[in-house]
Structures are given as structure tokens and as C-alpha cells.
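>>> Sequence and predicted structure below; questions after.
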Amino acid sequence: MTADFSLKGKVVLITGATSGIGRRQALALAQAGAAVVLVGRREARLRETVAEIEAVGARAASLSVDLTDRGRLPELAGRAMVPFGSIDVLINAAGVNLRQPVEEITLESWDTTLNLNLAVPFFLARELVPAMKVNDWGRIINIASLQSSRAFSNGLAYGASKGGICQLTRAMAEAWSRHGINCNAIAPGFFPTELTAPVYEDPDQLDKLAAQTAIGRNGELSDLDGLTVFLASPASDYLTGQVIHLDGGFTAK
């Protein structure tokens, strides 16, 4: 029997879908047959991505929401089910990295980072889990980081939030996998996104980072496609509670 990578009939909700990793994942999952609901703050960018997905015959809808207001997450969960029905797959790709030196971290910036990167993935997932339980099937995919396990300069708050994502993923798996809801995380290496723009502006630094990988290059957004589809599909039925480093072997060296 061959593995089932099809997402036909599945509905996916993706936060942070206006750019970078979230946007690329939306395109990949739509190509695999899913109907996708895109969540972000920038309406124009959302509309562009919806149009791109619909142009290839797939289904997409968008919701412009400020995720930092956790009180709106129940409303978001309800609205997300309107276009195509209940959500089968949640991808928590929204995130922020303020890149502050330790001395400049404030209570406000700490709360901003930990709220969006760690609290929102949990509270949004918890809103969507009841419908997944009814279907005895679901997927939650979190986005971890190299900083989940390694320290980078000016990344203390971000690293703390991404370290927390690893444990959150395991705890979600323990709580919900018995109901058919698998929870895993992708820990990307260096990819060209808005969050990594400061890194990509320094060619010498980019070359050094590429040299630290086993493969010898930094990531391209297309490298996300296969793992994203696998984790969202029935092919990953027996995989849960795992953090998978998609980093070209950066953490292997």
C-alpha cells in the first residue's frame, strides 16, 4: 500500500500567510488538493495569494486579523470555518523576531514576542481541536527554529519562545493525539523571509551560514513543500510530538 499524501477534501488554516514560510506552505498545500484559509494582517497581500491559488484551480479564502489580540481567537476560529467547513489542519506560521540586545528587552517587547510566537499557537489550536475531535482526525504544525536549541545574538526572547514551541508541540501531542490529532513542528534553517531579511542583507554572513550546513547552502522556500505536505497528510498518521529540523544539516554539524 502506498502512502497517502493527498489533501483532497481537507481544509487548512495558516497564520502568517502573507509572506515567507506561511505563504509558501499555503501554496504547497493548495497544490496538494487542500482548501486553504489564509490569516494575516495585510489584506492586499492576502488577496494576492488567494488569487494566485485560485488561478491554478485550487480553493482559498482569507481573513485579516491581528493575532496579538488573543481575545479575538475564538471569533477567528469561528470565521475560519465559514468558507469551506471545519478546519482539519492548523499551521501556526505567524511570528515575530525583534532582534533586541539583552539590555534593550522590555516587558512590552518580551510579552509581544512570547504572545505571538508561543501563546497564540496554543490558544488558537485549542479553539479548533473540538471540531477535529468530532472527525477523529487533525493536524497541528508549529514552526520552531534553529533557536529552539541554539543561542544566537540578539535573540534571547525569540529563542525562549521557540524553545517553548518544542515543548508545546510535545504537550499538544500528548493531549490530543489519542483523538487522531497529530502535532509536530518544523524547525527551519535559514530561509529568505521577512524575519531573516537582516541576515540576507549581509552576503558574507550568508556564505558563512551556508558553510555551516551539511548540504552547503541555505534554504529555498520550495524546500518546505515536501515536509509540509507530508505532515499535513494521512501519510504522517504515526508521527506526532516531533520537531523536525529542515536545515540542510545545520544542526547535524
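Arrived safely, thanks for sending.
>>> for this protein, what's the longest strand?
Secondary structure of the chain per DSSP state E: the longest strand is strand 181-188.
>>> Alpha carbons of that one, in CSV - could you do that?
Provided in CSV are the C-alpha atoms of strand 181-188 (Å, rounded to 0.1, in the frame of the first residue of the first chain):
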residue,chain,number,x,y,z
ILE,A,181,-4.9,14.9,16.1
ASN,A,182,-1.2,14.7,15.4
CYS,A,183,1.1,17.6,16.5
ASN,A,184,4.5,18.2,15.0
ALA,A,185,6.8,21.1,14.4
ILE,A,186,9.2,22.2,11.6
ALA,A,187,12.4,23.9,12.7
PRO,A,188,13.7,25.7,9.6
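>>> what's the distance between it and the middle of its chain?
Per CA atoms, centre = their mean, to the nearest Å, the displacement of strand 181-188 from the mean C-alpha position of its chain is 8 Å.
>>> isn't there a helix covering Leu13?
No. Assigned with DSSP: H, G, I helix; E, B strand; the rest coil, Leu13 falls outside any helix and is strand.
>>> Spatially central, which residue of the protein would that be?
The centre of the chain sits closest to Ala93, judged by CA atoms, centre = their mean, with a distance of 2.8 Å.
>>> Not counting residues beside it along the chain, what's closest to it?
With sequence-adjacent residues excluded and distances taken as CB to CB, 6 or more residues apart in numbering, Ala93 is closest to Gly22, at 3.3 Å. Placement of C-beta: from N, CA and C, glycine included.
>>> Equivalent analysis for Ile244, please.
That would be Ile186: by CB to CB, 6+ apart, it lies 5.7 Å from Ile244.
>>> For burial, what's the neighbour tally of the one you found?
By other CB atoms under 10 Å, the residues close to Ile186 number 24.
>>> The stretch 1-150 of the chain: strands as residue ranges?
Counting by DSSP state E, counting those that start in this stretch, the stretch 1-150 of the chain has strands at residues 11-15, 35-40, 60-64, 89-92, 138-143.
>>> Between these, which one is closest to Tyr200.
strand 138-143 (18.1 Å; CB to CB).
>>> what about dumping the CA coordinates of that closest one to CSV?
Extracted in CSV, the C-alpha atoms of strand 138-143 (Å, rounded to 0.1, in the frame of the first residue of the first chain):
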residue,chain,number,x,y,z
GLY,A,138,-6.5,16.6,12.6
ARG,A,139,-3.1,18.0,12.2
ILE,A,140,-1.3,20.9,14.0
ILE,A,141,2.0,22.0,12.6
ASN,A,142,4.0,24.5,14.6
ILE,A,143,7.1,26.5,13.4
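>>> before we move on, back to that, the residue nearest to Ile244 touches Val229, doesn't it?
No. Proximity of Ile186 to Val229 does not meet the contact threshold set by CB atoms under 8 Å, at 11.7 Å.
>>> follow-up on the earlier one: how about the residue nearest to Ile244, what does it touch?
Ile186 makes contacts with Ile141, Asn142, Ile143, Ala144, Leu224, Leu227, Thr228, Leu231, Val243, Ile244, Leu246, as judged by CB atoms under 8 Å, 6 or more residues apart in numbering.
>>> repeat for Thr49
Ala17, Thr18, Arg23, Ala26, Leu27, Leu38, Ala60, Ser62.
>>> Now render these as TSV, adding neighbour count, distance to Leu7 and pLDDT.
Output for the contacts of Thr49, formatted as TSV (neighbours: other CB atoms under 10 Å; distance: CB to CB, whole Å; pLDDT from 0 to 100):
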residue	neighbour count	distance to Leu7	pLDDT
Ala17	31	16	95
Thr18	26	21	92
Arg23	23	17	96
Ala26	32	12	97
Leu27	23	13	97
Leu38	27	15	98
Ala60	26	13	98
Ser62	23	18	97
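>>> Which of those residues sits closest to Gly9?
Using CB to CB, Ala60 comes nearest to Gly9 of the contacts of Thr49, at 15.2 Å.
>>> show me where the stretch 51-200 of the chain has helices.
Along the stretch 51-200 of the chain, counting by DSSP state H, counting those that start in this stretch, helices occupy 73-80, 107-114, 120-135, 156-176, 197-200.
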